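Chemist: Generate a structure from the sequence data that follows.
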Amino acid sequence: MAETLLVEQDQHIVTLTLNMPDTANALSDTSFCASIIEQFDRLGSDDSVRCIILTGAGKFFCSGGNVKHIRDKQSIFGGDTFAVMNQYRRSVQKLARTVWQCELPIIAAVNGAAYGAGCDLALMADIRIAGPTARFAENFVQLGLIPGDGGSWLLPRQIGLSRAAEMTFTADPIDAATALKWGLVSSVVPENKLIETAQAIAARIARHPPRQLRLTKRLMREGLNTTLESSLELAAIYQGASHQTRDHAEAVSAMLERRSATYNGD
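Modeler: I've put the predicted structure just below:
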């Protein structure tokens, strides 16, 4: 049986490929969700990793919930109100928390359609780049559902309330060019250059000291939900700690000596 999640590490960069093309990489399979959660937990505690690339196999990035499972009340969609509620909490909502809270920089290389929970999965990344066939849809209402895995919180923070409302209420997909115009993605690149571009960005990230990368991401995420005063106070703490690290001393020395720095995470 083929692996449903492919994991490839090249030095400090890990590429995770959703590998269920027969289901358009649908997320409603509980074991599939569990494997993604497990990998993000593992990578978050691995000091050798500095950046994650997330992409999909086949023509889809991620189609969200499996519509056949929804129709047949299978997997997380089966049972009474409380059963469905708890199954959401233990699967796609746990996935949302895990990916969003991961301290490592994450790049989503969106190679095709990202619908529903798949759109939200892309939103959990820090940076999104898209191929020309990428499509994004927050299309839960089209199935008589609501955004159940964080989309109503994530999408307005990425593209503003008005455009988020338009996407959510109409359920209409937007193409890669519109996603770029609206700020949902950083760039649109040819399909055959998508992973190469993601790897190039990841390499530019991974050249920096690993602890400071994680602290910087944490500071940015905390800044979404706090005041400037609180953010500055947290920054002072992180900065004080950063000044004591060997990697900081190495960074300063390398800059003054006009050479590449070598970081050990200490």
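
Chemist: who touches Ala34 in this structure?
Modeler: Ala34 makes contact with Ser91, according to C-beta atoms under 8 Å, 6 or more residues apart in numbering. In short, each C-beta sits where N, CA and C put it, glycine included.

Chemist: rerun at 10 Å
Modeler: Applying C-beta atoms under 10 Å, 6 or more residues apart in numbering, one finds that Ala34 lies in contact with 4-5, 90-91, 94-95.

Chemist: now do Gln11
Modeler: When the contact criterion is C-beta under 10 Å, 6+ apart, the partners of Gln11 are 48-50, 202-203, 206.

Chemist: tell me what the helix or strand bottoming out on mean pLDDT in the chain is packed against?
Modeler: Taking mean pLDDT, DSSP states H and E as the measure, the chain has helix 67-72 as its least confident helix or strand, at a mean of 89. Using 3 or more C-beta pairs under 10 Å, 6 or more residues apart in numbering; DSSP states H and E as the contact criterion, no secondary-structure element is in contact with helix 67-72.

Chemist: what helix or strand is His55 on?
Modeler: Careful, residue 55 is Thr; it's not His. Assignment of secondary structure by DSSP states H and E places Thr55 within strand 51-56.

Chemist: what mean pLDDT does the helix or strand following that strand have?
Modeler: Using DSSP H and E, the helix or strand that directly follows strand 51-56 along the chain is strand 60-62. In this model, strand 60-62 carries a mean pLDDT of 96.

Chemist: on that earlier part again, now do the buried residues in the strand holding Thr55.
Modeler: 51-56 (16 or more other C-beta atoms under 10 Å).

Chemist: Now tabulate these in a markdown table and tack on pLDDT.
Modeler: Formatted as a markdown table, the entries for the buried residues of strand 51-56 read as follows, by pLDDT from 0 to 100:
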| residue | pLDDT |
| --- | --- |
| Cys51 | 98 |
| Ile52 | 98 |
| Ile53 | 98 |
| Leu54 | 98 |
| Thr55 | 98 |
| Gly56 | 97 |
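
Chemist: Which members of the residues you listed are the farthest-apart pair?
Modeler: Cys51 and Gly56 (18.0 Å; C-beta to C-beta).

Chemist: returning to what we had before: of the contacts of Ala34, buried ones?
Modeler: Judged by neighbour count, with 16+ other C-beta under 10 Å as the criterion, the buried members of those are 4-5, 91, 94-95.

Chemist: Show me these that map onto helices.
Modeler: Cross-referencing those with the helices (criterion: DSSP state H) gives 94-95 as the overlap.

Chemist: hey, where'd the helices end up in the stretch 101-250 of the chain?
Modeler: The residue ranges that make up the helices of the stretch 101-250 of the chain, judged by DSSP state H, counting those that start in this stretch, are 117-123, 151-159, 161-170, 176-181, 194-206, 210-223, 228-242, 246-257.

Chemist: Most tightly packed of those?
Modeler: Mean neighbours per residue, mean count of other C-beta atoms under 10 Å, is largest over the helices of the stretch 101-250 of the chain for helix 117-123, with a mean of 28.

Chemist: Show me what that one is packed against.
Modeler: Packed on helix 117-123, when contacts are counted by 3+ C-beta pairs under 10 Å, 6+ apart, are strand 51-56, strand 60-62, helix 92-101, strand 106-110, strand 113-115, strand 135-137, helix 151-159.

Chemist: Format these as a markdown table; extra columns: distance to Phe77.
Modeler: Output for the helices and strands packed on helix 117-123, formatted as a markdown table (distance: least, C-beta to C-beta, whole Å):
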| stretch | distance to Phe77 |
| --- | --- |
| strand 51-56 | 22 |
| strand 60-62 | 17 |
| helix 92-101 | 11 |
| strand 106-110 | 25 |
| strand 113-115 | 16 |
| strand 135-137 | 19 |
| helix 151-159 | 17 |
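
Chemist: out of the ones you listed, nearest to Val252?
Modeler: If we rank the helices and strands packed on helix 117-123 by C-beta to C-beta, the stretch that ends up nearest is strand 51-56, at 22.8 Å.
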